[in-house]
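> take a look and give me a structure for this.
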Amino acid sequence: MRYLILIEPGTESCAYGVVVPDFPGCFSAGDTLEEAIENAENAILMHLESLIDAGEPLPAPLPAETYVKNPAYKGWIHAMVDIDVSRIQGPAQRINITIPKRVLRAIDAAAARAHETRSGFLARAGLELAKSQGSDGNTRPG
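Below you'll find the model as predicted:
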């Protein structure tokens, strides 16, 4: 998934500060712009991991315009970071499924728009649906 990060410019005596507006309380910093972005990616991964551990759903990112136009961030640098949530959702298990080609094309297009892998997209979508139907996502077959 792609998340917007907002970077407060640093100075000679102050590091770049980073906030992740989709996750209140998720922030980072870095002495260089590159370091600030890299540290923000790690902060987002840790934040998402804590949500997973708490059994919370992973929120979808809001449109960047939601935050970019906020006067509180005037003069801040805007950047997008790609986060592969499949890295933190636990060990993977290979499965074999059959899906009609037209459905697979639609899934692949949606995954590309979300900047996710096919597997990551299917896992997230399946988990969201399972949770909306009352499953905690940790249910094991009988």
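> A helix includes residue 17, no?
No: with DSSP: H, G, I helix; E, B strand; the rest coil as the criterion, residue 17 is strand rather than part of a helix.
> buried by neighbour count: which residues of the host helix or strand of residue 131 qualify?
Remark: residue 131 resides in helix 118-132, with elements defined by DSSP states H and E. Residues of helix 118-132 classed as buried by neighbour count (16 or more other C-beta atoms under 10 Å): 120-124, 127. Using the backbone N, CA and C atoms, a C-beta is placed for each residue, glycine as well.
> which one of those sits closest to residue 9?
residue 120 (32.8 Å; C-beta to C-beta).
> contacting residues for the closest one?
84-86, 111 (C-beta atoms under 8 Å, 6 or more residues apart in numbering).
> so of those, which ones are in helices?
Judged by DSSP state H, helices contain the following of the contacts of residue 120: residue 111.
> give me the nearest residue to the residue nearest the centre of the chain, chain neighbours excluded.
In the chain, the centroid-proximal residue (C-alpha atoms, centre = their mean) is residue 1; its distance is 4.5 Å. Spatial nearest neighbour of residue 1, chain neighbours left out: residue 83 (5.4 Å); criterion: C-beta to C-beta, 6 or more residues apart in numbering.
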